[in-house]
Structure formats: structure tokens, C-alpha cells
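Undergrad: Next come a sequence and a model predicted from it.
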Amino acid sequence: MMKRALTGLVAVFMLVGQAQARLVIEITGGKEGALPIAVVPFAGEAQGQDRVAGIVAADLARSGLFSPIAAEKMPAMPHDGRAINFAAWRKAGLEHMVVGKVESNGPALQVQFQLFDVVRGKQMAGYSIPTVPKRLRSVAHQISDLVYEKLTGQRGAFNTHVAYVTVEQKEGKLIHRLAVADADGFNEQIILTSKSPLMSPAWAPDGKRLAYVSFEEGRSELFVQNIATGKRQKVASFKGLNSAPNWSPDGRRLAMTLSRDGNPEIYLIELAIGTLTRLTFSRAIDTEPDWAPDGRSLIFTSDRGGRPQIYRLQLSGYRPQGRPRRLTFEGDYNARASFSPDGKRIVFVNGNNNRFRIALQDLASGTVRLLTNNRLDESPSFAPNGSMIIYATDRNNRGILEAVSVDGRAHQRLGTSKGNVREPAWSPFISQ
Amino acid sequence: MDGKRDRWIALSGAIVVHLLLFAILGFGLNSSKAPPVSATVKPVIQASAVSEEKVMEPYRQRLAEEEAKKKHAAEKQEAAEEAKRRAKEEARRQADQERKAKEARRKAAEQKRLAEQKRKKEEEKARLAERERQRKIEAERKAAEAKKKAEAERKRQEAELELKKQMAAEAERLAQEQQRRHSLQMSRLQNQYVADITNKVQRNWLRPPESRGSYCRVVINQIPGGEIVGVKVADCDGDVPFKRSVEAAVRKASPLPLPPEPELFQREIEFVFRPAR
């Protein structure tokens, strides 16, 4: 044993001793964890204003890939690359840092920031962004996106939006709202208020319109509303159920659930001309359709097997091709599925023993991973870069929004909304 | 026959010589005027008369006397001549003998000289051969000696080399041992270093939620003080926050802990961020 060990050593040495041979060292350890980063508070931010550095740090932390250090632990507070003593930051265990400042220019603002590789002491990115105080949060998210993309190689999805519905009890009456907020849950904008339930907001691929279900007429109807102008259009008001709208990737069709033929089935409606195509034919409930990113298949929830499960239906020329194939087999309830942006995974609500959690399933391997550990999670929705999933959950009988990184490591509660928040939907990328 | 004649010739010769000696001595003793010796000359032929012959007897007597006289003169002449010839012959023979002897002497001398010369030559040759032999022996001795010396030197060098080798081996062994210990020590310290860096980066890594399954490779450059001077995300399977978190983790970990040993310092380090489940 000993001898063998020794010969092994000698062999290693011989290998190393050769002039040409290169010493090879295998590294298998290391600590798995988020990347430490310092987002140094920006100079020139007025009191009361949103703190750019704080927003950026929170964004990065939410992704699960970064671990921003607290301002108190920073060895210095530089605002400019020339003022950075990299050795001190390296000693503090940091690999990257962001410095910047906000300069007033009359009523306008100029936000300048730089991203540094602390280890190499080199600038990786530097921008100067003109804005106005009202849009400072958005600029902060843009900075987060730039940092994220620089460090991960993936497009950031911080400067995107979330649509959701809230229910608030006011003077004995329920007030339903359709709202759009920044992806971190802040900066909420109410786009519709109703005394009747509002449900199932769905983003058009252009990120400018929402489809949703409204019961304002006493029954379910589908509307499409322009967020900026507030202008809206009723697109489905058939007999029976009109629900669960979802846009085709080309934005020209909606998939939805109608019970106009007696039983909830999946239909397509071509928005420009209003023609309907029925896609499912079963005695069971078929609902909650979601388009594959390539537009060539749909997934939906069906209890045709007895319990709600996810099925996939191939499409050809927007017509069903073959029979729907069941995708989920774990747990006694799987519903509300949606595709990841790359179409390789689906996220859905997995129910088992009366616990409803967010599950991620790899389509190629069938592997399922539970991302949350709550009692009642619902409505998962992928960020447009596929890095995170937003969902609603129940806290003390109140719905709130949470986000989880796709690896299930980072969970963050979003926003400050006091209402009962339900049915979040993450927007597509916002074209600049 | 030849032998008989030779003996006769030799006898005649001896008589002639005696006569000559007598004559010379006689002449020498009396005078040179002494008449030729005749008394001693007896008629050689005894004549016997026949009737007719008796007629003629006187004549014949005279003739015979004449003849005899003539013959005697001729014989005397001949003998003189013979003697003269013999003397001459003897002189010639003696001269010849003398010449021969002389020649023989000369030859002997020559032979002796040649023999001497040959002997000398041989002696010289032998001397040279001896010298050559000696030289060879000496050369061989020298060669053997040199060889021996070289062998000794070789052996000495070999021994020295062996010693050196042994010492080097020992030094090498020691160095290796030291290196091994050093490596072990370094690897311990290295682990310590890695642990210190890991610890500091982990302490500084704050990863975004949902980052399991993400992954990021970050290459940093540090300078010797540990200060991180460059951060580069090599590849990353995670979202922007995750990527940013790993970059920040290493940057925040600067200065990185210093290594326990300066040599462990790594200018470039790759971090793999992979969150454990």
C-alpha cells in the first residue's frame, strides 16, 4: 500500500520532472455559492430618492448568483474607478464591484456607473445614462441588467415587468385590480380596477398589451388591453367559460379555454379576424394552455386521466396533430404549466398531500425538481431570460409575490403591495 | 718392357753421370788437356777370319779397324752427345723439377694464402655471424623486454581502467541512490507543493450554483515569486459564471505558494476545474 503510494508519488514527480511536461492540478473542491460583489452607494443621490445602488444590489441578490455585501462591510466608498484601492477590496474577498454617481443636470439626471473586476483590477463596463428622477428605478434595473449580462453572459431581466391581480377588501366590498410593476415588485401601476374578479393576465409578446379575464359583465370574458393607453378590446365572450388566455409567440393568436361546446376545451382565436379553432376533444376539463416558444406545440392542464396533469399537444399549421401526450407523472396534481424561454423545461404547480409547490421539469430527461417549499404556491411564470420564476404564494391567508432562481436557491419576496396578490405574469424583454 | 728400358736408361744415365763426374773431377784434377779416355774402351766386336776373308783380311782388318775407329768415334760422339743431352736433360729435368717445385711451392703458398684468405674470410664471416647472432640475441632480448614492458604497461593500464570503471560504477551507483532518494524527497515535496497550490486555489474558488458537470482547463504562468502573470482558459465546458469563477479562483490565488524546493517551481501550471459531486 505504502509502496504503491510511493511509486505513485514518483510517477507524479517523473511526469513533472520532464522538461516538457506541464504540472497539472485538479481542482474539485471550492465553495459553491453566490458571487460576492460590492455595489458601492452612488454619490449624489438626494435624500428620499430611490437608492440606485440598493436597487442594483437587491436585483443581483434576487438572481441567486450574487451576494452583494452590506455597505458597512465595504473598506471604502469610492464613486470612481480612479479612487479604488483594489488590494483592499480583494482582501475583503470581493471579485467584482460597481461604483457610480448620480449627477443633477437641471431637472434631468445623469447616472454614471462602472463595473470592475477586482481580482484583475480592470474595468469591465462603464456607462453614463441620462434619465429623470421618476425613472431612476428603471435606470437602476438597467444597470443590474448590464452587470448581470457582463458577469453571467446571460441577458438580464431586471428591467422588465410583472403583471398581477390584487384583491383588496375596502369598506366591506372587494376591489379587484389589474396591476403592472417592475420585476422587483416596486413601482406598481394599476391598469384596471373592477368590482368583479379579474383573472389570468397574459403578456402579449410585444410587452405592450395584456390579455386577461374579467367578470365585470357578470360572466367571464376575455379582453386585450394596451397598457400605455389603457385602450382595451373584448376578444372572447362566448357562452360559458372564457378563460386562461395565452398569446401565440407571433402575437396573432390567443389560446384559451372555452366551454361553448359544453365542456372546457382549448381553442385558438385569430385576433385579427376572430376565427376559432378547437384544439382539444375530451370529456375532461382541458385548460390553462401555454405556447411552446417555437409556436409548434401547446401544453395544458387536463384531468382526462382522473387527476389534473400536464399534457402536450403538437400543432401543425395551428391545428392539432396527434393526440395530446401526458408530461407529468409525479404527484397527484400538476397544473398551470408554462414553458421556459428556451422551451427545454416547464414550470408548474405540483400538488401532493395538499401541498402545492412550484416544480420544474426538464422535458428531455423528465427530471422534476421542486423549487419551493410552501403550502400553497400558484401561477409560476418564467423571467424572459429563464433565470428566475415568479409565483404567488399564501402568507397568513394573503397572497404575495415571490421569485425563485431556477436552481431553487434564492427566494425573494417581491414588492410592497398590501393587497392580496394573485396570478403574476412576467413580461417579455422590454425593447429599449 | 717399358720397365726394362727405363731401368736400362736409368743405368746408363747413372754411368754417364759417373763418367761425367769422373771427367769433371779428372779434368778438374789433371788438366783440361787430358785426352779422351780410350783405354777403357774395349773392342766391341771380335772378328773371325775366313779364307777369302783371309785375302781380305788385311783390308778388312783395317776397315774393321777403321770402322771400329769410326764407330768408336761415333760412339764416343754419341755418348758425348748423349751425355750432353742427358746433362741437358738432367738440367732441364732439374730445372723442370725445380720449376715444378717452385710452382708447387708457389702453389702451396698460393694455396696457403688462399687457405689463409679463406680462413680469414671464414673467420670474418663467423665473426660477423657471431656479431649478427649477438645482435639478434640482443634485439630479441630487447624486443622481449619491450614486449614484457608493454605487457606490464598494458596490464597496469587495464588494472587502472578496471579501477576507474569500478570507481565510476560506484560513483554512478551512489549518484543513482542519491538521485533516487532525491527523487523520493522531491516527490514528497512536490506533493506538498501541489497540495499547497490546490489548497489555495480551492480556498479562492467560489463556484456558481449548478456547476456540477462543468469542466474547465486553465493554464497559468507564474513568475518565481509565485505571482501569476498569465491566465488562459484552455477549454471549458461550462457557462460564463463558471468560466469566470475558475479564472477568478486562480487569479485570487496569486501569488501561488512557493515550492519547498526552488527546483520544483513550475512556470506553467494547468488547472483542471471539475466540481465534485
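TA: The structure has been received and is ready for your questions. Here the structure is a predicted model, which means the values were calculated and not measured. Residues are numbered from 1 along each chain as shown, chains lettered A, B, ... in the order given.

Undergrad: Can you tell me, leaving aside adjacent residues, what's nearest to A:Gln225?
TA: Setting aside the residues directly before and after it, A:Gln225 is nearest to A:Arg232 in space (CB to CB, 6 or more residues apart in numbering or on different chains), at 3.6 Å. Quick note: C-beta positions are derived from backbone N, CA and C, even for glycine.

Undergrad: Can you name the residues that contact the one you found?
TA: Going by CB atoms under 8 Å, 6 or more residues apart in numbering or on different chains, A:Arg232 touches A:192, A:223-226.

Undergrad: If any of the residues you listed are buried, put those into a PyMOL selection.
TA: In PyMOL syntax, the buried subset of those is picked out as below (16 or more other CB atoms under 10 Å in any protein chain shown):
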select buried, chain A and resi 192+223+224+225
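
Undergrad: Show the contacting residues for A:Leu23.
TA: Contacts of A:Leu23 by CB under 8 Å, 6+ apart are A:16, B:194, B:266, B:268-270.

Undergrad: Pull up the residues of the stretch 101-250 of chain B that are close to chain A.
TA: For the stretch 101-250 of chain B, the contact set with chain A under CB under 8 Å from any CB of the partner chain comprises B:183-184, B:186-188, B:190-191, B:194, B:197-198, B:201-202, B:205-211, B:219, B:239-241, B:244-246, B:248-249.

Undergrad: what about B:Arg62, neighbour count?
TA: Applying other CB atoms under 10 Å in any protein chain shown, we find 11 other residues in the vicinity of B:Arg62.

Undergrad: Please, which helix or strand holds it?
TA: Secondary structure from DSSP states H and E places B:Arg62 in helix B:51-203.

Undergrad: same question for that helix, mean pLDDT?
TA: Mean pLDDT, computed over helix B:51-203, is 85.

Undergrad: Can you tell me the strand partners of the helix or strand just after it and which way each runs?
TA: In the C-terminal direction, the helix or strand that comes right after helix B:51-203 (DSSP H and E) is strand B:206-207. Applying DSSP bridges, strand B:206-207 is found paired with strand A:31-32 (parallel).

Undergrad: ok, the residue in the stretch 101-250 of chain B that chain A sits nearest to - how many residues close by?
TA: In the stretch 101-250 of chain B, the residue found nearest to chain A is B:Val240; the distance is 2.8 Å by CB to the nearest CB. Neighbourhood size, B:Val240 [other CB under 10 Å]: 15.

Undergrad: hang on, it packs against A:Thr152?
TA: Yes: counting by CB atoms under 8 Å, B:Val240 sits close enough to A:Thr152 to count as a contact (5.3 Å).

Undergrad: Give me the contacts around the lengthiest strand in chain B.
TA: Secondary structure of chain B per DSSP state E: the longest strand is strand B:228-237. Identification of contacts with strand B:228-237 by CB under 8 Å, 6+ apart yields B:214-223, B:242-243, B:246-247, B:250-251, B:253-256, B:270.

Undergrad: low-confidence ranges in chain A?
TA: Per-residue confidence for chain A (pLDDT under 70) gives these ranges: A:1-20, A:46-50, A:416-417, A:432.

Undergrad: what's near enough to touch whatever residue of it ends up closest to chain B?
TA: Using CB to the nearest CB, the closest approach of chain A to chain B is made by A:Gly153 at 2.8 Å. In this structure, A:Gly153 makes contact with B:239-241, judged by CB under 8 Å, 6+ apart.

Undergrad: Next: A:Val162.
TA: A:Val162 sits in contact with A:180-183, A:185, A:390, A:401, A:414, A:424-427, where contact means CB under 8 Å, 6+ apart.

Undergrad: Apply 6 Å and report the result again.
TA: A:181, A:183, A:390, A:424, A:426 (CB atoms under 6 Å, 6 or more residues apart in numbering or on different chains).

Undergrad: Repeat that for A:Asn242.
TA: A:220-222, A:236.

Undergrad: What distance do you get for it to B:Ala80?
TA: Remark: distance between A:Asn242 and B:Ala80 (CB to CB, to the nearest Å) = 214 Å.

Undergrad: Kindly report the same for A:Arg409.
TA: 187 Å.

Undergrad: Pretty sure B:Pro208 sits against B:Pro241.
TA: Yes: the pair B:Pro208 and B:Pro241 qualifies as a contact (CB atoms under 6 Å) at a distance of 4.1 Å.

Undergrad: anything in contact with each of these two?
TA: When CB under 6 Å, 6+ apart defines a contact, no residue borders B:Pro208 and B:Pro241 alike.

Undergrad: follow-up on the earlier one: let me have the contacts of A:Gly153 in a markdown table, extended by secondary structure.
TA: Output for the contacts of A:Gly153, formatted as a markdown table (DSSP: H, G, I helix; E, B strand; the rest coil):
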| residue | secondary structure |
| --- | --- |
| B:Asp239 | coil |
| B:Val240 | helix |
| B:Pro241 | helix |
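
Undergrad: Show me which of those is closest to A:Asp394.
TA: B:Pro241 (33.0 Å; CB to CB).

Undergrad: so of the contacts of A:Arg232, which ones are in strands?
TA: Taking DSSP E, the ones among the contacts of A:Arg232 that sit in strands are A:192, A:223-226.

Undergrad: still on that earlier bit, put the buried members of the residues of the stretch 101-250 of chain B next to chain A into a PyMOL selection.
TA: Buried residues within those, by 16+ other CB under 10 Å, are selected in PyMOL with:
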select buried, chain B and resi 183+186+187+190+194+197+198+201+202+205+206+207+208+209+210+211+219+239+241+244+245+246+248+249
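
Undergrad: burial count for the closest residue to A:Ser297 other than its chain neighbours?
TA: Closest residue to A:Ser297 apart from its sequence neighbours, by CB to CB, 6+ apart: A:Gln314 at 5.0 Å. Neighbours of A:Gln314 under the rule other CB under 10 Å: 15.

Undergrad: Correct me if wrong, but A:Gln314 is in a strand.
TA: Yes: looking at A:Gln314 with three-state DSSP, it is inside a strand.

Undergrad: Tell me which residues touch it, please.
TA: The neighbours of A:Gln314, taking CB under 6 Å, 6+ apart as the test, are A:297, A:321-322.

Undergrad: Give me the buried entries from the residues you listed.
TA: Counted by 16+ other CB under 10 Å, the contacts of A:Gln314 give A:Ser297 as buried.

Undergrad: any chance of the contacts of A:Gln314 in a markdown table, with secondary structure too?
TA: Listed next are the contacts of A:Gln314 as a markdown table, based on three-state DSSP:
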| residue | secondary structure |
| --- | --- |
| A:Ser297 | strand |
| A:Gln321 | strand |
| A:Gly322 | strand |
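
Undergrad: With that, I have no additional questions.
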